[in-house]
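*Asks:* no sequence for this one, just the structure:
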């Protein structure tokens, strides 16, 4: 069963490479943040698998829980930092997106 | 009896890895911020849930079920319960962080890819680029 968990951990580690590529070449900062969020969640899972390999899951489970908590706090902080809703043009852009999705309605239909 | 738990746990872990393949390549290859966020949010959450749950079920195989003793069997269930706590935490926190990041990106004015081929935010002159195609007219062909 240890071999199975070693293979699962290596596959999980290899599948983190596309997220790293997205972090490196992501066009916007939030794309990079998404990649970091995915890698952080997967690291918490990988800690549990490492605990199964070393047969010390009772210790590594606490590490994984703390890591997941820190990852959540970090991604929420990054989202708040990158949030720019106070600027003036944003509302217009938001309305344009909503019109392009739902069709022109609302204020223009009333007015 | 214990090999049933082992097999079910292994199946759950493999299923989680399959879902993570979809999440990783969706994150790599989708054309748009919002579609990438879709792949990352859903695939990541489900993959983490399945793998942690598979490890928890696999740990149940090591519990001695034959001689049930309140002082020896029940403490062995502590680690699977902690893994279930990780499951619940991931199930709450991952969609919440995905939603917060999506909201931040939407308020930043990141353009979604539309069927017209242009970007939906170009109308205000804020993002209009020279190479943008004509906006969609009634009766024109959607590529």
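*Replies:* Ah, there it is. Please read all numbers here as calculations on a predicted model, not as lab measurements.
*Asks:* for the spatially most central residue of chain A, give me the pLDDT.
*Replies:* Computing the C-alpha centroid of chain A and ranking residues by C-alpha atoms, centre = their mean puts residue A:37 first, at 2.9 Å. Note for residue A:37: predicted pLDDT of 92.
*Asks:* hang on, it in a helix?
*Replies:* Yes: counting by DSSP: H, G, I helix; E, B strand; the rest coil, one finds residue A:37 located in a helix.
*Asks:* in chain B, where is pLDDT below threshold?
*Replies:* Residues of chain B that meet the criterion pLDDT under 70 lie in B:115-143.
*Asks:* tell me which residues touch the residue of chain B positioned farthest from its centre, please.
*Replies:* No residue in chain B sits farther from the centre than residue B:67, which is 39.9 Å out by C-alpha atoms, centre = their mean. Residue B:67 makes contact with residue B:73 under the criterion C-beta atoms under 8 Å, 6 or more residues apart in numbering or on different chains. Quick note: C-beta positions are derived from backbone N, CA and C, even for glycine.
*Asks:* shaky segments in chain A?
*Replies:* Judged against pLDDT under 70, the low-scoring parts of chain A cover residues A:85-99, A:102-111.
*Asks:* and if we set it to 90?
*Replies:* Confidence mapping of chain A against pLDDT under 90 gives the ranges A:1-2, A:25-31, A:56-58, A:79-111.
*Asks:* which stretch of helix or strand covers residue 3?
*Replies:* In the absence of a named chain, chain A is used. Mapping residue A:3 onto the secondary structure by DSSP states H and E places it in helix A:2-14.
*Asks:* you looked at the wrong chain, it should be chain B
*Replies:* For residue B:3, the secondary-structure element it belongs to, assigned by DSSP H and E, is helix B:2-29.
*Asks:* gap between that helix and the chain center?
*Replies:* Average the C-alpha atoms of helix B:2-29, do the same for its chain, and the two points are 12 Å apart (C-alpha atoms, centre = their mean, to the nearest Å).
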